[in-house]
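Enquirer: would you be able to build a 3D model of this:
(2 chains)
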There are 2 protein chains.
Amino acid sequence: MSFYKEDEWLIIEEGFHPENMRESESIFSLGNGYMGQRANFEEKYSGDSLQGSYVAGIYYPDKTRVGWWKNGYPEYFAKVLNAPSWTGIEIAVNGKPVDLAKAGITGFSRVLNMREGYLERRFTLRVSGSKTLEFSAKRFLSMAEPDLGVIKYSIRSSGFSGKIGFSVTLNSDVRNQDANYGVKFWRSISHSVDKYSGVLVARTLKTGFYLATGMRWEFYRNGERRDTAPSLTDRDKFVAGSFTEKIGPGEELTLLKYVSVLSSLNLPKEQLAGDALKRAEAACETGYDALFTAHIREWEMIWNSSDVVIEGDLAAQQAIRFNIFHLNQTYTGKDDRLNIGPKGFTGEKYGGSTYWDTEAFALPFFLKTADQHVARNLLFYRYRHLPAAIKNAEKLGFKNGAALYPMVTMNGEECHNEWEITFEEIHRNGAIAFAVYNYASHTGDEEYIADYGLEVLIGISRFWSQRATWSESRKKYVILGVTGPNEYENNVNNNWYTNTIAVWTMSYTIACLEKVRTGAPAKFRAIVEKTSLDTVSEPARWKEIAGNMHFPYYDERRVFLQQDCFLDKEIKPANELPMAERPINQHWSWDRILRSCYIKQADVLQGLYFLEENYDTETIERNFNFYEPITVHESSLSACIHSIIASRIGKIDKAYELYLRTARLDLDDYNHEVGDGLHITSMAGTWLAIVEGFGGMRVSGGNLHLNPLIPGKWKSYSFHARFRGVLFEAGITHDDITILNLSGKPLVIYVSGEEYTIDASGKIKINY
Amino acid sequence: MSFYKEDEWLIIEEGFHPENMRESESIFSLGNGYMGQRANFEEKYSGDSLQGSYVAGIYYPDKTRVGWWKNGYPEYFAKVLNAPSWTGIEIAVNGKPVDLAKAGITGFSRVLNMREGYLERRFTLRVSGSKTLEFSAKRFLSMAEPDLGVIKYSIRSSGFSGKIGFSVTLNSDVRNQDANYGVKFWRSISHSVDKYSGVLVARTLKTGFYLATGMRWEFYRNGERRDTAPSLTDRDKFVAGSFTEKIGPGEELTLLKYVSVLSSLNLPKEQLAGDALKRAEAACETGYDALFTAHIREWEMIWNSSDVVIEGDLAAQQAIRFNIFHLNQTYTGKDDRLNIGPKGFTGEKYGGSTYWDTEAFALPFFLKTADQHVARNLLFYRYRHLPAAIKNAEKLGFKNGAALYPMVTMNGEECHNEWEITFEEIHRNGAIAFAVYNYASHTGDEEYIADYGLEVLIGISRFWSQRATWSESRKKYVILGVTGPNEYENNVNNNWYTNTIAVWTMSYTIACLEKVRTGAPAKFRAIVEKTSLDTVSEPARWKEIAGNMHFPYYDERRVFLQQDCFLDKEIKPANELPMAERPINQHWSWDRILRSCYIKQADVLQGLYFLEENYDTETIERNFNFYEPITVHESSLSACIHSIIASRIGKIDKAYELYLRTARLDLDDYNHEVGDGLHITSMAGTWLAIVEGFGGMRVSGGNLHLNPLIPGKWKSYSFHARFRGVLFEAGITHDDITILNLSGKPLVIYVSGEEYTIDASGKIKINY
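Expert: Below you'll find the predicted structure:
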């Protein structure tokens, strides 16, 4: 059972549950692509909590902590910082400070409105006898003006007469709980506070980012604006304006706090303090209602192009919107220097850094739900990091422009420090190459390849060609010592997926080279010059390796073998494992996991997912039937890929069972880790399980395909998606498929293999 | 060229070299098996230094530091502590404190006298013009009374008249430089100081060991005893007695400091302070000369039974004595709770903990040079740890009394925390089993097996039988996911050495079971009961696995293959590697090392060394010829094993070349790491390279064999060794072999295959 109430558009927490505080702080997080805020209370709260304000791109390289150093490890792990806190509103009643951990509050509720993108919190404070104060706090991070955060904070008296003290604060004396050496990452630069406003400027150590947090507040009593004469606190890392107001029975006091957060990523640092104050003041002038209206208009546009409606399954309906909501809070594609951390803005874990999750899971989501430039900016982020990827490869002994993209990164440099991952989980390079193909194939934007993509492909192909070595005993090329997507195997030889994506990359690079050479000769010459490409020997070498790669194979079952020697293991289905030993990563020592056959997440099947077009259904089915039963799905990225493949081979019940494993991963906190933050990138996987899985959406040969199925439990479902500038909505029931073309140009679409053309703004309905 | 002067019995440093301070502090370390002391100055020295006083068995479990936690990792790394410092003698000249880092001293020398086991240091301090003071400091850690350390500190004036201040100190405000979290490990318990004496008691955090350091001093002026009236400093963690004496031209002041270090390992803690004082006072009464005489008598006995003489190679002569000296300083076999850390008492590195180095390298040395109980105590140490080894295995999922000895330990619990080592370098278990065989075979002490050894063997065989799994595809048993002795391969399948030693253990256990069952039925029944051994099914299972194990093999070259898939690598001789990339562990990223064919230390060859009797010379030679060229010898334990095997197959030049790689490892600081401490266990390997290698000493079928060779460069060499209670000396020249029986009973010995009997105290000479 869910801790939160089920609702189509809302996430609702009822009752005060300090034991669930961190979890709810994650669940109710707000973000707007530019910054994010966990659902920490405005008021003082001395209970356990993970305070989290994050500003995209503002990071700190924290000195590596490691037990045993290996050559090539990075010196630092770059992490997005817990930024100065802008939400503080401290309350005193008749002079006595209120601490929500100790105040014995009742009637507590928290509501996340996903349609309109705000968080509202209510509770009752009993002051004496039956005299109470009713609190409500509503906040949003503007989607229209992303530097703005706004809080509407109200107190209404039921029978109580007395004095309420307010303290409106900014605080840069914050720390990361995951700091490796307990260091505070912010240095105070300036602080000031005035009658209605205040500003703090702080600078990050090492990286030297400047961040200004400006606030302006206004105050109302029973709807009438009041001048307050605050006493001011103005010290290093902390400013506050404090004042006291009377309240009587039935009366209401309302504080509006407008905050602007500006950084040296976008503005000269000298300008930050003044601008943040001006922006906060301008927001105050615009007013809460107008700002909120602009904000929800943005959300309306998002929902109009990405909503999924599920009829007959309220829990699923709520969950998928929760996913779409958080994905859009995390990344808006406005800034090509930003990317998508596995936890987005909802916690410190994984340092807010970029993983291959972006290319493998998030990119396909944004490709299908957002304007083309959003996905393009995700690709461009990697293009910007190409020089760093080349340096990263050099550090590991590769030469001549070979590029190895980092496992984890903020600025292009590798951050991770486990040899079996950092140095060996090199398949990530393949996902980055594949993303170029995926983008071009989905959008038709071939120009991107000539402008940027090809350089990335050349760097990656160079890496593969140096990483592959000749096995004299096999008379084949081999790729030794890797970790595949299934991280429950380390340092294996000839991971089928890695070898496959390596060969695919080299072949695709050759094809792209040829296309650009003929299609854009000037650009081709520029690339050749820039990369010092030997246009004869290098592609020839790639072709040679691609044509003579060793791929492990299991003859008897006719399946691709995850790696060499995989069959030395005892192969037993995962469902024979005692429940008390699951998840195995919490119960087994690492060597035991490695020796076992159990698979953490799709590995061979990840390859069949990416390169589905190259394999017939029987092959996919044989591999699914062999691997799925020994897969323990202990990565949040696992079940969705399996669900998509199960749909692909027509196993709708299995697909649905797998879909359920991640659909409410965070809302129901399957793994007891939501307190650390939400699984943002795996949310994209869940969406894909519906749209690519049940809906069967594919782009193949430049054409859009749907092959819809519908889970038995559902009455109907519909989704929005985009293809080459056309937004459409597909509705699937057990009887028919309805497709609405929501754009101004015709859409050609193949539904279950049949070609249809839908006029601009037109609609078709197809019976099964 | 060596930094130190070559000499038969001395290590000599001339000139003051602050840049080499840590290295010399290691080289000139003293120890007596009970405690150890780096060659830190008595005087104040503000330059770089690694202060190190160590007391065997006094350790602290330092909280694990790790980048990425894995299930099964230990919470703590137990490390021998830098103990309270007892050597301090601070000097002031005319009231001005002397800091040797700043005093501009000249005529500095340090001499380690290995024959007599003391350290002497001299230097000149210019006070003004030509007026100087000549300092000398001589110290030893008594081999006769191991709790005693004695310092004789003298100052002689050349023309100077003035006042010399002395401060005789004890200091427990010390720290480990390798503390994971900067914690100081000692808490002060008590402190007191009196006219001629002082005592500090300190307790270790967590482990609660109490350590008392008591001192008594006496003072002489021109050879005449003087009463001093010291001012006393008496505070937490520090006591001192300070006094000033006049000195005039030609006069000499001498301070004698007697220290006793006692711990709660051996005495009730209440008694420690009093006893330490009493012991120091008694030492003072006995006097320096008598204590020193008793000390050198012990060393004389050690040298009489372990000296190696090399004629025609002074550097080699010095080096081998240096090794024998430090090995005997590290372990005396008096306390079965102690063991041999890879750095002994010469530094903090490796935490002073026990590794498989003990069984593989140190044990054979002590077996051949010391009384039988010394080696027996090393075995017994592991017997005491059997319950912990069983718990360690349980932690990793093994059952039913299976024992996995730790990779690194102090008290039997695992300390290490790298999964590929901690969990996978399981061959260590084999070395511990083999040590039982080695001991019994060398000494003939079969009783040990029935009393203790068999239990250990049963635990280890149970481990192997559970760790091996059935490969359906090979129809063989396999051992997956291991790291062999060659740590430049991780998580490999079917490491030949591991599989071999596993099978050997199980077979040997079955043989021992049978021997004890028939030879000591009562003990047999007790063991069966204690271990709940199923005498039918368990040995049957071991036999089944031993008889059906998979061993990788390279048909073409007819060599044992280090592991499955080894031939997928590019095999290129190590001598083709650019010198700039050697050692590869300092230049290559870890993945590159793993993918390469290069071998860190003997792996297949380690098996051929241990189990030499099972293989013919041609097999050993083929494997040596295949593996040695791809071995980079980047462990200090590598070259010696290769040297022994090269001697075994008659390649004396190769054997000598390999011997040279470790002979002066520390004296010449090949790897620029001597500052951290000396390679104590590899010193045993060097000794073995002479005695087992050149000398060809073996025990086979209960008989003693020599098959001597002599390196071309040497004129002659001789060594002492023991076999079943007989001490003998073998002298080898290019013409003949002389063997002296130094014991009171006859010795049967096979020299180059011929049997000889040497009477008690007799001698034979055999011409080649």
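
Enquirer: quick check: longest helix in chain A by residues?
Expert: For chain A, the helix that runs over the most residues, judged by DSSP state H, is helix A:496-519.

Enquirer: same for it, what does it pack against?
Expert: The elements that helix A:496-519 packs onto, with contact taken as 3 or more Cβ pairs under 8 Å, 6 or more residues apart in numbering or on different chains; DSSP states H and E, are helix A:427-443, helix A:454-467, helix A:521-531, helix A:537-547, helix A:604-610. Where you see a C-beta, it was placed from the backbone N, CA and C, and this is true even at glycine.

Enquirer: try it again at 10 Å.
Expert: Helix A:496-519 makes packing contacts with helix A:427-443, helix A:454-467, strand A:476-478, helix A:521-531, helix A:537-547, strand A:559-560, helix A:604-610 when contacts are defined by 3 or more Cβ pairs under 10 Å, 6 or more residues apart in numbering or on different chains; DSSP states H and E.

Enquirer: closest approach to chain B from the stretch 351-500 of chain A, which residue is it?
Expert: Closest residue of the stretch 351-500 of chain A to chain B, Cβ to the nearest Cβ: A:F423 (3.6 Å).

Enquirer: ditto for the stretch 51-200 of chain A
Expert: Nearest residue of the stretch 51-200 of chain A to chain B, counting by Cβ to the nearest Cβ: A:G72, 3.3 Å away.

Enquirer: got a list of what that residue touches?
Expert: Neighbouring residues of A:G72 by Cβ atoms under 10 Å, 6 or more residues apart in numbering or on different chains: A:392, A:395-397, A:414, A:417, A:419, A:422-423, B:588-593.

Enquirer: let's see it at 8 Å
Expert: If a contact means Cβ atoms under 8 Å, 6 or more residues apart in numbering or on different chains, then A:G72 has A:K395, A:L396, A:W419, A:T422, A:F423, B:S589, B:W590, B:D591 as its contacts.

Enquirer: tell me the SS of it?
Expert: coil (DSSP: H, G, I helix; E, B strand; the rest coil).

Enquirer: which of the contacts of A:G72 are buried? Put it as a PyMOL command.
Expert: Applied in PyMOL, the following selects the buried portion of the contacts of A:G72 according to 16 or more other Cβ atoms under 10 Å in any protein chain shown:
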select buried, (chain A and resi 395+396+419+422+423) or (chain B and resi 589+590+591)
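
Enquirer: just to revisit the earlier point, and the angle for the longest helix of chain A with helix A:537-547?
Expert: 140 degrees (axes from the mean of the first three to the mean of the last three Cα atoms, to 10 degrees).

Enquirer: send me helix A:496-519 as PDB with only the CA atoms.
Expert: Backbone C-alpha positions of helix A:496-519 (Å, rounded to 0.1, in the frame of the first residue of the first chain) are rendered in PDB as follows:
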ATOM      1  CA  TRP A 496      28.400  -9.300 -25.900                       C
ATOM      2  CA  TYR A 497      26.700  -6.000 -25.500                       C
ATOM      3  CA  THR A 498      29.900  -4.000 -25.400                       C
ATOM      4  CA  ASN A 499      31.400  -5.800 -28.400                       C
ATOM      5  CA  THR A 500      28.100  -5.300 -30.200                       C
ATOM      6  CA  ILE A 501      27.800  -1.600 -29.500                       C
ATOM      7  CA  ALA A 502      31.500  -1.100 -30.300                       C
ATOM      8  CA  VAL A 503      31.100  -2.800 -33.700                       C
ATOM      9  CA  TRP A 504      27.800  -0.900 -34.300                       C
ATOM     10  CA  THR A 505      29.600   2.400 -33.500                       C
ATOM     11  CA  MET A 506      32.400   1.800 -35.900                       C
ATOM     12  CA  SER A 507      30.100   0.800 -38.700                       C
ATOM     13  CA  TYR A 508      27.800   3.800 -38.100                       C
ATOM     14  CA  THR A 509      30.800   6.100 -38.000                       C
ATOM     15  CA  ILE A 510      31.900   4.800 -41.300                       C
ATOM     16  CA  ALA A 511      28.400   5.300 -42.700                       C
ATOM     17  CA  CYS A 512      28.200   8.800 -41.300                       C
ATOM     18  CA  LEU A 513      31.600   9.700 -42.700                       C
ATOM     19  CA  GLU A 514      30.500   8.600 -46.100                       C
ATOM     20  CA  LYS A 515      27.200  10.600 -45.900                       C
ATOM     21  CA  VAL A 516      29.000  13.800 -44.800                       C
ATOM     22  CA  ARG A 517      31.700  13.300 -47.300                       C
ATOM     23  CA  THR A 518      29.200  13.300 -50.100                       C
ATOM     24  CA  GLY A 519      26.500  15.400 -48.600                       C
END
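
Enquirer: can you give me the buried ones in that helix?
Expert: Residues of helix A:496-519 classed as buried under the neighbour-count rule (16+ other Cβ under 10 Å) are A:496-510, A:512-513, A:515-517.

Enquirer: same question for stretch A:607-617.
Expert: Within stretch A:607-617, the residues scored as buried using 16+ other Cβ under 10 Å are A:G607, A:L608, A:Y609, A:F610, A:E612.

Enquirer: on that earlier part again, and the residue of the stretch 351-500 of chain A closest to chain B, what does it touch?
Expert: Listed by Cβ under 8 Å, 6+ apart, the contact set of A:F423 reads A:K70, A:G72, A:L396, B:S589, B:W590, B:D591, B:R592.
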